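1. Sequence plus predicted model, see below.
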Amino acid sequence: MTIATRGGAVLRPAVATDWPRVDAIAIACWEPIFESYREMQGEAIYGAVTDPDGDWRQRKCDQVRGQFARAPATVWVVELAGEVLGFVTFHLDAQRSVGQIGNNGVHPDHAGQGWGTFMYRHVLQHFRARGLRFATVGTGLDRGHAAARRAYEAAGFDRAVPKVDYWQELEQLNPGSVPD
């Protein structure tokens, strides 16, 4: 089934044979994000909290594959010349009338060519066709998420609620400096 086409590429529902390439794209896309987390949090927090088992790659792939296992129709891929170059997952919440874009990415070899925006626009159209009133997507404010933010804005997301997570290594505090 073809959802949309662009320049010879096809946006279509994912199939089981897409997984090796989708896994590779997820890892390539999240590598700079996790490196950004490591830089911002420092080694101690990153290693203890963000990536305690050193296996974020497997967890990220499991998240995307889990979405497919739960609801296969909510994972789409862009394929060009027989190669998957991007993917997007989404969730429909009919009760709240909200569609949410989830894990997604475009292989770095194809980044900056509008493929993310292409996928998001069609997911948003899918939400509209289902009668949903609102759409949301979450992303980070770090440099690792900069391309995602640009693509979401290009697809029409125009309201943001900024959030900051503060971290502290507690052993760095001098107990005598805590006020009574």
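-> That came through fine.
2. C-alpha from now on. contacts and neighbour counts both.
-> Will do.
3. Buried by neighbour count: which residues of stretch 62-74 qualify?
-> Within stretch 62-74, the residues scored as buried using 16 or more other CA atoms under 10 Å are 64-65, 67-68, 72-74.
4. what stretches of this protein score poorly on pLDDT?
-> Residue ranges of the chain with pLDDT under 70: 172-180.
5. nearest spatial neighbour of the most centrally placed residue in it, skipping sequence neighbours?
-> Nearest to the mean C-alpha position of the chain, counting by CA atoms, centre = their mean, stands Asn103 at 3.3 Å. Of all residues not flanking Asn103 in the chain, Thr89 sits nearest, at 5.4 Å (CA to CA, 6 or more residues apart in numbering).
6. hang on, the earlier thing: for the residue nearest to the centre of the chain, which residues are in contact?
-> Residues in contact with Asn103 (CA atoms under 8 Å, 6 or more residues apart in numbering) are 64, 88-90.
7. related to what we said a few turns ago, Three-state assignment for the residue nearest to Asn103, please.
-> Recorded secondary structure, Thr89: strand (DSSP: H, G, I helix; E, B strand; the rest coil).
8. Write down the beta-bridge partners of it, one by one.
-> Thr89 has the following beta-bridge partners by DSSP bridges: Val75.
9. returning to that earlier point: pop out the phi and psi values for the residue nearest to the centre of the chain.
-> Dihedral angles of Asn103 (phi, psi; degrees, to the nearest 10) stand at phi -60, psi 140.
10. circling back: since we're on the residue nearest to Asn103, how many residues are nearby?
-> Each residue near Thr89 was counted by other CA atoms under 10 Å, and the total is 26.
11. Could you do the one 10 residues further on as well?
-> Applying other CA under 10 Å, we find 24 residues neighbouring Gly99.
12. Looks to me like it is in a strand.
-> Yes - counting by three-state DSSP, Gly99 falls inside a strand.
13. That one: what's it in contact with?
-> By CA under 8 Å, 6+ apart, the residues touching Gly99 are 90-93, 124, 127, 132, 134-136.
14. any chance of those residues in JSON lines, plus neighbour count and distance to Met40?
-> Putting the contacts of Gly99 into JSON lines (neighbours: other CA atoms under 10 Å; distance: CA to CA, whole Å) gives the following:
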{"residue": "Phe90", "neighbour count": "22", "distance to Met40": "28"}
{"residue": "His91", "neighbour count": "18", "distance to Met40": "30"}
{"residue": "Leu92", "neighbour count": "17", "distance to Met40": "33"}
{"residue": "Asp93", "neighbour count": "13", "distance to Met40": "33"}
{"residue": "Leu124", "neighbour count": "21", "distance to Met40": "32"}
{"residue": "Phe127", "neighbour count": "23", "distance to Met40": "35"}
{"residue": "Leu132", "neighbour count": "19", "distance to Met40": "37"}
{"residue": "Phe134", "neighbour count": "14", "distance to Met40": "32"}
{"residue": "Ala135", "neighbour count": "18", "distance to Met40": "29"}
{"residue": "Thr136", "neighbour count": "16", "distance to Met40": "26"}
